[in-house]
Structure formats: structure tokens, C-alpha cells
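Novice: No sequence on hand, only this structure:
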């Protein structure tokens with residue numbers, strides 16, 4: 001049986017400040033680097049068979065200690081990158097809500113179909129991220145496989161695997177930095193076994 005683990009990257013300055021950061025490519029903060037180091041032993045204990053990673057720097061930095069600990073060769077997949085926020089990139093969510101109330105309300109109301117101006121919908125994220133899940137499942141039908149990705153992308157994948165409406169990815173699913181979300185693929189399909197788990201992180 002395949003168990004798929006979805007990890008969100010560690011802390012970045014933008015994540016800590018509530019700034020839209022999709023296509024931007026910041027490095028991890030010192031705390032994010034520490035989170036990544038704490039992820040490594042927890043994931044090494046699983047006996048990972050493969051690691052697929054977003055090409056964004058924050059994801060690659062999160063994956064680095066895991067790659068070393070598990071002696072894995074990473075596969076970088078553009079489909080695992082973060083949502084594109086279009087013209088909202090680099091702006092505080094509170095400022096966008098204030099300055100563009102109609103566009104923000106439309107996106108907040110139905111992010112499956114509505115997009116930030118020039119950005120992506122949840123359906124667009126699913127269209128590029130789910131083929132990576134299928135590829136991982138095809139190449140590794142058994143064992144433990146890790147996907148290192150981003151907040152919106154992990155939540156959209158989770159909604160899709162659960163059969164939930166994609167438009168609920170922002171309102172119904174938690175995904176803290178450096179968290180682990182896991183699915184077991186059994187005879188009845190994917191079963192969620194943990195969501196947004198940060199028990200491996202020290203206070």
C-alpha cells in the first residue's frame with residue numbers, strides 16, 4: 001500500500017506576515033530552517049521511498065535535510081509550486097481586502113473558479129498538481145512517498161483526494177508551515193490519516 005505524505009515548506013518572512021507569496025521565491029527564515037531540520041528525523045523514521053518537490057527555493061530548502069537524512073534523489077516538479085497570486089503578489093492580504101474589496105470577495109467566495117487578478121484558481125492548481133500525485137502513485141505503488149509543496153497546493157490536493165469541493169480549500173483545511181498531511185491509498189481509495197500535523201516541531 002502507498003502512503004503519501006504532503007509537507008508544506010517551513011517559515012518564510014511572507015508566511016509570518018500574512019503576505020501573498022506564490023510566484024515570489026523567498027528563502028526560509030532561521031525558524032524555517034530549524035523546522036526543516038526537525039522534519040527530517042520524523043520523515044526518516046518512515047523509510048521514505050521517494051521525494052517529489054516544488055522547484056521554489058523555500059520548498060527545496062525544506063527538503064534538503066530530508067534528502068540528506070534519507071539518502072534520496074529529489075524529483076523537482078513544477079506542478080507542486082504554489083498558487084500564483086497575480087497582481088496580489090507581495091501584498092498584505094489585509095491591504096488587498098481593503099483596496100480591492102470586490103475582487104477579494106469574489107475570490108474568497110469561490111476560489112475554485114475565481115482568481116486573483118492574473119492569478120490561478122483552485123481548479124488550475126489541481127490541473128497541474130494532481131498529475132504529480134498520479135505519477136508518484138504510478139512510480140511507487142507501495143511504501144512511503146513525500147511531496148514537499150506549499151499551503152494552497154497541499155490544501156487543493158487534499159480536497160481533491162477527499163472528494164471535497166475545491167472551493168473549500170481556504171476555509172476548511174489547516175496547513176501550518178512544516179506540517180505533514182498523510183493519505184493511505186487502499187482498496188477504497190485515499191484515506192486521510194493525518195492533517196496539518198506539527199507534533200514533530202519543538203516549541
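Specialist: Everything's here; your move. A quick note: this is a predicted structure, and the numbers were derived from the prediction, not measured.
Novice: can you give me the strands for this protein?
Specialist: 2-8, 48-53, 75-76, 143-149, 180-186, 189-197 (DSSP state E).
Novice: So which helix or strand of the chain has the lowest pLDDT on average?
Specialist: In the chain, no helix or strand scores lower on mean pLDDT, DSSP states H and E than helix 13-17, which sits at a mean of 91.
Novice: List the buried residues of that helix.
Specialist: Within helix 13-17, the residues that count as buried by 16 or more other C-beta atoms under 10 Å are 14, 15. Backbone N, C-alpha and C define where each C-beta goes, glycine included.
Novice: So which residues make contact with it?
Specialist: The contact list for helix 13-17 (C-beta atoms under 8 Å, 6 or more residues apart in numbering) reads 19, 20, 21, 24, 26, 29, 90, 92, 151, 177.
Novice: List only those of those flagged as buried.
Specialist: Buried, going by 16+ other C-beta under 10 Å: 19, 20, 21, 24, 26, 29, 151, 177, out of the contacts of helix 13-17.
Novice: Run a quick neighbour tally on the closest residue to residue 162 other than its chain neighbours.
Specialist: With C-beta to C-beta, 6 or more residues apart in numbering as the criterion, residue 162 has its nearest non-adjacent residue at 6.2 Å, and that residue is residue 192. Neighbour count of residue 192, defined by other C-beta atoms under 10 Å: 12.
Novice: And for residue 179?
Specialist: Look at residue 179: counted by other C-beta under 10 Å, it has 24 neighbours.
Novice: Look up the closest residue to it, ignoring the ones flanking it.
Specialist: Residue 179 sits nearest to residue 196 (C-beta to C-beta, 6+ apart), 4.5 Å away.
Novice: how about the one you found, what does it touch?
Specialist: 173, 174, 175, 176, 179, 180, 181.
Novice: same question, residue 195
Specialist: 158, 173, 174, 181.
Novice: The first one reaches residue 180, doesn't it?
Specialist: By that I understand residue 158. No. Shown here, residue 158 and residue 180 do not form a contact pair, counting by C-beta atoms under 8 Å, at 11.7 Å.
Novice: What is the burial count for the spatially closest residue to residue 173 that is not a sequence neighbour?
Specialist: Residue nearest to residue 173 in three dimensions, not counting chain neighbours: residue 155, with 4.6 Å by C-beta to C-beta, 6+ apart. Residue 155 has 29 neighbours, counted by other C-beta under 10 Å.
Novice: Most remote residue from the middle of this structure, which is it?
Specialist: In the chain, counting by C-alpha atoms, centre = their mean, residue 99 sits farthest out from the average C-alpha position, at 27.7 Å.
Novice: And stretch 104-114, what's buried?
Specialist: Quick answer for stretch 104-114 (16+ other C-beta under 10 Å): 104, 107, 111, 112, 114.
Novice: Can you point out the buried residues in the lengthiest helix in the chain?
Specialist: Longest helix in the chain, counting residues (DSSP state H): helix 122-139. Buried residues in helix 122-139, defined by neighbour count with 16+ other C-beta under 10 Å: 122, 124, 125, 126, 128, 129, 132, 133, 136.
Novice: quick revisit: can you name the two of the buried ones among the contacts of helix 13-17 that sit furthest apart?
Specialist: In the buried ones among the contacts of helix 13-17, the most distant members under the criterion C-beta to C-beta are 20 and 29, with 17.2 Å between them.
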